[in-house]
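Visitor: next come a sequence and a model predicted from it.
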Amino acid sequence: MSLETFPPPAGYNAPEQVHITQGDHNGRGMIISWVTSLNEDGSNVVTYWIASSDGSDNKSVIATTSSYRYFDYTSGYLHHAIIKELEYKTKYFYELGTGRSTRQFNLTPPKVGPDVPYTFGVIGDLGQTYASNQTLYNYMSNPKGQAVLFAGDLSYADDHPNHDQSKWDSYGRFVEPSAAYQPWIWAAGNHEIDYAQSIGETQPFKPYKNRYHVPYRASQNKYTPQNSWLQDEFKKVNRSETPWLIVLVHAPWYNSNNYHYMEGESMRVTFEPWFVENKVDIVFAGHVHAYERSERVSNIQYNITDGMSTPVKDQNAPVYITIGDGGNIEGIANIFTDPQPSYSAFREASFGHALLEIKNRTHAHYTWHRNKEDEAVIADSIWLKNRYYLPEEETI
């Protein structure tokens, strides 16, 4: 879509591209991010208060502010502020901007607990096309979603000449109607790399890491230290407090589409045994611009000598879901391998989104919603049983 489709808000130095994401591990913190064209007094401040109060309890936080250059583009001022010690299940208003350009939004931290119902939207490879707009509209039309798990590939700026950075601005305005009110948890995809040596841009992820406040720095280690970190993270998950273990990656490990076939294989061979051992419930991926859901299978007995690849049913394994069907500019990936392999439970080359409804510590209901004009049609659904609490029971 053209940039005019998602215009900046009216007003002098008005805050735009507002989005929020989780700010701590206990659900009482939120990161508020926004962009202004100028870095003037007050433009880097977020004020927030409990919606039911009389306004006398207002609190303010000063954001960290940065900007970046990319080829011939200079970004606006990118602000990130963390608001803390929020009350669970309490609606808050938060306000950005100054004078007549002030804009107000709201958020509600959910109640926490192993049996508290919670619903995630699941989207990947969204972009900013007519189909993308359908996907976001359909998701927002469903009142159940409380947060979005995003499987990578956001703006697709790199599909335009010189990685047109204005596409990052229009994308931020595009998702704001949802992302300003509920947290979006972002995974990085290949379209976030923005490496372009031909125009002198050799710092990977420059736009993404400036705009989206996500954990990416860590210690910059590779190989063994990274492996040790992941193993330690699995051990830290207290399944009595956090029953459901969900992983976001970008390239799918089980993929029967001709596009990007086997690209995630080296990662699968390395990490799949850990996922099975730690009873990961679901793995969401993007990258392939279609939809696919696997059976609970594992292939940890892969024989590299004779090349035999025979996934087998394994009730300790995750369900693998490819959700790279958000609607991006590159179109749908409509060529699947034939016949459909036994590990593939459902697959379809259509755009859409998904909902994951956590019911309690043992059961969750998952649905995939295909785009159909101005509505979403449930085309795939499944009940999921938690691998930690019900390890031997088959998924319904």
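Guide: Yep, that arrived.

Visitor: report the central residue of the protein.
Guide: residue 150 (1.7 Å; CA atoms, centre = their mean).

Visitor: what segments of the stretch 201-350 of the chain are helices?
Guide: Per DSSP state H, counting those that start in this stretch, the stretch 201-350 of the chain carries helices over the ranges 206-211, 224-236, 265-277.

Visitor: least confident of those, on average?
Guide: Per-stretch mean pLDDT for those is lowest at helix 224-236 (a mean of 89).

Visitor: that helix vs helix 265-277, what angle?
Guide: 30 degrees (axes from the mean of the first three to the mean of the last three CA atoms, to 10 degrees).

Visitor: could you check how many residues crowd around residue 238?
Guide: Residues near residue 238, counting by other CB atoms under 10 Å, number 9. Using the backbone N, CA and C atoms, a C-beta is placed for each residue, glycine as well.

Visitor: what does the one 5 residues further on give?
Guide: Other residues within reach of residue 243, judged by other CB under 10 Å, total 21.

Visitor: and the pLDDT at it?
Guide: 98.

Visitor: count residues in the vicinity of the closest residue to it other than its chain neighbours, would you?
Guide: Distances taken as CB to CB, 6 or more residues apart in numbering put residue 361 closest to residue 243, at 3.9 Å, once the chain neighbours are dropped. Using other CB under 10 Å, residue 361 has 20 other residues around it.

Visitor: quick one: residues contacting residue 289.
Guide: Residue 289 makes contact with 125, 259, 324-325, 328, 330-333, according to CB atoms under 8 Å, 6 or more residues apart in numbering.

Visitor: swap the cut-off to 6 Å and go again
Guide: By CB atoms under 6 Å, 6 or more residues apart in numbering, the residues touching residue 289 are 125, 324, 332-333.

Visitor: for residue 234, same thing?
Guide: residue 278.

Visitor: tell me the SS of residue 87?
Guide: Here residue 87 takes the coil state, with states given by DSSP: H, G, I helix; E, B strand; the rest coil.

Visitor: hmm, I typed the wrong one, I wanted residue 383.
Guide: Strictly by three-state DSSP, residue 383 counts as strand.

Visitor: and it, bridged to which residues?
Guide: residue 365 (DSSP bridges).

Visitor: separation between it and residue 359?
Guide: 9 Å (CB to CB, to the nearest Å).

Visitor: mind checking how far stretch 148-158 is from the chain centre?
Guide: Chain-centre distance of stretch 148-158: 7 Å, with CA atoms, centre = their mean, to the nearest Å.

Visitor: could you pull up the mean pLDDT of that stretch?
Guide: For stretch 148-158, the mean pLDDT works out to 98.

Visitor: please apply the same query to stretch 73-89.
Guide: Mean pLDDT, stretch 73-89: 98.

Visitor: name the residues that touch it?
Guide: Counting contacts by CB under 6 Å, 6+ apart, the residues outside stretch 73-89 that touch it are 23, 28-37, 39, 44, 46, 48, 61, 63-68, 109, 111, 165, 210-211, 213.

Visitor: re the thing from before, out of the helices of the stretch 201-350 of the chain, which is closest to residue 193?
Guide: Among the helices of the stretch 201-350 of the chain, the nearest to residue 193 by CB to CB is helix 206-211 (8.2 Å).

Visitor: pLDDT below threshold where in this protein?
Guide: When residues are selected by pLDDT under 70, those of the chain lie in 1-4, 215-223, 302-309, 395-396.

Visitor: phi, psi for residue 372 please.
Guide: Note on residue 372: backbone dihedrals following degrees, to the nearest 10 are phi -140, psi 100.

Visitor: beta partners for it?
Guide: In this entry, residue 372 is beta-bridged to residue 375, by DSSP bridges.

Visitor: and it, how far is that from residue 45?
Guide: As defined by CB to CB, residue 372 lies at a distance of 43 Å from residue 45.

Visitor: list the buried ones in stretch 124-136?
Guide: Using 16 or more other CB atoms under 10 Å as the test for burial, stretch 124-136 gives 124-129, 131-136.

Visitor: who touches it?
Guide: 1, 151, 153, 156, 171, 174, 286, 289, 323-324, 326-329, 351, 353, 371.

Visitor: same question, stretch 357-375
Guide: By CB under 6 Å, 6+ apart, the list of residues contacting stretch 357-375 from outside reads 114-115, 117-119, 134, 243-244, 291, 350-356, 376-384, 386, 389-390.

Visitor: pull the distance from stretch 23-30 to the chain's centre.
Guide: Per CA atoms, centre = their mean, the centroid offset for stretch 23-30 relative to its chain is 17 Å.

Visitor: so how far does that stretch reach from one end to the other?
Guide: 4 Å (CA to CA, to the nearest Å).

Visitor: quick check: phi and psi on the nearest residue to residue 140 once chain neighbours are set aside?
Guide: Residue nearest to residue 140 in three dimensions, not counting chain neighbours: residue 178, with 5.4 Å by CB to CB, 6+ apart. Here is the backbone geometry of residue 178 (degrees, to the nearest 10): phi -100, psi -50.

Visitor: residue 178: neighbouring residues, count only.
Guide: Residue 178 is flanked by 19 other residues according to other CB under 10 Å.

Visitor: tell me how far it lies from residue 242.
Guide: When distance is defined by CB to CB, residue 178 is 24 Å away from residue 242.

Visitor: contacts only, for the spatially closest residue to residue 189 that is not a sequence neighbour.
Guide: Nearest non-adjacent residue to residue 189, counting by CB to CB, 6+ apart: residue 152, 2.8 Å away. Residues counted as contacts of residue 152 (CB under 6 Å, 6+ apart) are 187-189, 250, 286.

Visitor: next, give me the two most distant ones among the residues you listed.
Guide: Maximum pairwise distance among the contacts of residue 152 (CB to CB): 10.3 Å, between 188 and 286.

Visitor: looking only at neighbour counts, state which of these two leads.
Guide: Neighbour count, other CB under 10 Å: between residue 188 and residue 286, residue 286 has more, with 30 against 21.

Visitor: ok so, going back, which one of the helices of the stretch 201-350 of the chain is the most hemmed in?
Guide: Highest mean neighbour count of these: helix 206-211, a mean of 21 (counted as mean count of other CB atoms under 10 Å).
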